[in-house]
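Visitor: pasting the structure only:
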């Protein structure tokens, strides 16, 4: 009996040692890769994430409000989304050895703003679960690729424009109540876009924070 306990303890120690070794190798590899990445590449990745959050986070927030979520629930939702996207991006990139960036669907979130009206939070959660199951099935079966070959690109672009048009127009409607803030951000974005397009979003965000 004592021998079995000792063997079990030795097996557990070996398992923990192997796990620590794997974690060290992964951490070391990630660290070395990060330090070997040129600054322009890091800036491009940072801008991609910043633009993704800055351009669609408000839509995600509004969709959650329509679903009946509280501020605390929305904050937890955004935190979970950020962590999940970060972990999945890092994992898929290391696994496939190619840049892979996962993110939420901005048009899908915009569609939810109108589609979730009148539903309870539990019903909205059910909608998300069913939707994600369908997305996984489309990815596994290759159905999405087949549909994209059938649907004309112009029709897909028109559907996307129809979903996002409302939010684009609301940005100009904000000029009525917050003309200084919105007008300054728009002018800075247009000017920076003409000179240094890569920094247009950052410049607009900085001027917005300063004026706010």
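Guide: Structure received. In this text the structure is predicted, and so the values were computed from the model without any measurement.

Visitor: which stretches of the protein aren't confidently modelled?
Guide: Scanning the chain for pLDDT under 70 picks out the ranges 1-20, 22-26, 28-30, 32-34, 54-55, 174.

Visitor: Tell me where it has helices.
Guide: Remark: helices assigned in the chain by DSSP state H are 2-36, 39-66, 71-96, 106-115, 121-141, 143-150, 153-173, 179-195, 200-211.

Visitor: Name the stretch among those helices that sits most buried.
Guide: Among these, the stretch with the highest mean neighbour count (mean count of other C-beta atoms under 10 Å) is helix 106-115, at a mean of 18. Just so you know, the C-beta spots here come from the backbone N, C-alpha and C atoms, and that holds for glycine as well.

Visitor: Give me the contacts around it.
Guide: 55-56, 59-60, 62-63, 66-67, 124, 127, 131, 160, 163-164, 166-167 (C-beta atoms under 8 Å, 6 or more residues apart in numbering).

Visitor: what separates residue 200 from residue 207, distance-wise?
Guide: Using C-beta to C-beta, to the nearest Å, we find residue 200 at a distance of 11 Å from residue 207.

Visitor: surely residue 68 meets residue 120?
Guide: Yes: the pair residue 68 and residue 120 qualifies as a contact (C-beta atoms under 8 Å) at a distance of 6.1 Å.

Visitor: more neighbours, these two?
Guide: For residue 68 and residue 120, the more surrounded residue by other C-beta atoms under 10 Å is residue 68, and the numbers stand at 15 against 11.

Visitor: wait, what's in contact with the nearest residue in space to that one that is not next to it in sequence?
Guide: Counting by C-beta to C-beta, 6 or more residues apart in numbering, the nearest residue to residue 68 once its immediate chain neighbours are dropped is residue 121, at 4.4 Å. With C-beta under 8 Å, 6+ apart as the criterion, the residues that contact residue 121 are 67-69, 73.

Visitor: same question, residue 76
Guide: With contact set as C-beta under 8 Å, 6+ apart, residue 76 has no partners.

Visitor: quick one: it from residue 56, how far?
Guide: As defined by C-beta to C-beta, residue 76 lies at a distance of 18 Å from residue 56.

Visitor: for residue 139, same thing?
Guide: Separation of residue 139 from residue 56 (C-beta to C-beta) stands at 21 Å.

Visitor: Next: residue 108.
Guide: Plainly put, residue 108 is 10 Å away from residue 56 if you go by C-beta to C-beta.

Visitor: Equivalent analysis for residue 172, please.
Guide: 18 Å.

Visitor: And residue 164, by the same measure?
Guide: When C-beta to C-beta is the yardstick, residue 164 and residue 56 sit 10 Å from each other.

Visitor: got the domain boundaries for the protein?
Guide: The chain breaks down into these domains under automatic domain parsing: 1-36, 45-170, 174-212.

Visitor: start to end distance for the second one?
Guide: Taking C-alpha to C-alpha, to the nearest Å, the first and last residues of domain 45-170 lie 28 Å apart.

Visitor: 672 is where my numbering starts, stick with that
Guide: All right, first residue 672 from here; so that's domain 716-841.

Visitor: Pull the distance from it to the chain's centre.
Guide: For domain 716-841, the separation from the chain centroid amounts to 8 Å (computed by C-alpha atoms, centre = their mean, to the nearest Å).
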